[in-house]
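**Q** mind folding the following:
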Amino acid sequence: MLVNKALAVAAAAVTLTACGSQETASEAAVTVTAQTSAETQATETETTTTAAETAVTTTAETTTTTVTTTAETTTTTAETTAVTETSSQAETTNGEENMIDFYEVTLPETIIPEVETPEELLPTSHSFTQIDGRTYIDDILIVNKTYSVPDSYDPGGLLPEAQEAFNKMQAGAAADGIWLYIVSGYRSYWEQQGLYNNYYYYNGEETDRFSARAGHSEHQTGLAMDLNNASRYFAGTPEADWIEQHCAEYGFIVRYPYGKEDVTGFMYEPWHIRYVGKELARLLTDHRLTLEEYFCIDSVYAE
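**A** This is a model prediction of the structure:
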């Protein structure tokens, strides 16, 4: 879908017996021996303009690796999305918002029946492809704490397929009396670096729970967006509930679902959605799977 497979010039096969045999997801990526174009090491810390810039076109060799895994049944527990917090505003530190308090969402212990993922729905192999420092698994661009995009990657804004899908979802929501709008879409490497550094100044290491380091943010893909209110106050609203129930119909997933922080590396964000296409979005949503669980990868910073 997103990868031009004509770019692939070599392939290597490696077999893993199960997800557990991957000591880290990055080790699976080690089998990829793609020589990517040299990436510029950033020494600047300032945030650049948000205006879309002309994307740099580079030529890079690609290598596709097929990794065989044993599909496992995934059982998860879902909780309702009602907010128990009553505070009307985030606490402040030195005049700045304490973003942990602003983002942290606590939900009641109401249990929804467990969801089992039939083994036959999970693929037994995945195709890993690298292009210019980006990793695609089964043609899905992967960005998390383990996989990143280089500072040179700049789609210039939301990709057309993501924008078109959102426009349709916005219209569908409006027909149901729900108004959705984007409050944060595409961000450049430098914008993300400035944002993360600012959060880290006030929140320290806890920042890694709610903000991605530069290169590791899905916003840099042009396929992710935050809707309406990127804070704990959005959880449990009619808009948040509508998104959870209907976004898969338009090809989106709630990228960081409740109860999956140990898997995704990020706390629950009902406002953050990611475009993956209708078929995959439906499967992941129906069975409460994250991209990490589906592709059998982890999300952990190297340092």
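
**Q** which SS state does residue 299 fall under?
**A** coil (DSSP: H, G, I helix; E, B strand; the rest coil).

**Q** what's near enough to touch it?
**A** 25, 144-146, 263-265, 292 (C-beta atoms under 8 Å, 6 or more residues apart in numbering). (C-beta placed from N, C-alpha, C; glycine too.)

**Q** among those, who's most crowded?
**A** The residue in the contacts of residue 299 with the most neighbours, by other C-beta atoms under 10 Å, is residue 144 (26 neighbours).

**Q** quick one: that residue and residue 265 touch, right?
**A** Yes - between residue 144 and residue 265 a contact is recorded at 6.3 Å, counting by C-beta atoms under 8 Å.

**Q** that older thread, least confident of the contacts of residue 299?
**A** Ranked by pLDDT, these bottom out at residue 25 (41).

**Q** which parts of stretch 198-216 are buried?
**A** Neighbour counts using 16 or more other C-beta atoms under 10 Å place 199-200, 202-203, 206-208, 210-216 of stretch 198-216 among the buried residues.

**Q** distance between the ends of it?
**A** 16 Å (C-alpha to C-alpha, to the nearest Å).

**Q** can you show me the strands along the stretch 101-250 of the chain?
**A** Ranges of strands in the stretch 101-250 of the chain, per DSSP state E, counting those that start in this stretch, are 111-116, 125-131, 134-137, 140-142, 182-184, 224-227.

**Q** to residue 101, which of the ones you listed lies closest?
**A** Among the strands of the stretch 101-250 of the chain, the nearest to residue 101 by C-beta to C-beta is strand 224-227 (18.1 Å).

**Q** CA atoms only: put that closest one into PDB for me.
**A** Listed next in PDB are the C-alpha coordinates belonging to strand 224-227 (Å, rounded to 0.1, in the frame of the first residue of the first chain):
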ATOM      1  CA  ALA A 224      -1.700   9.900  12.600                       C
ATOM      2  CA  MET A 225      -3.600  12.700  14.200                       C
ATOM      3  CA  ASP A 226      -5.000  14.000  17.500                       C
ATOM      4  CA  LEU A 227      -8.700  14.900  17.600                       C
END
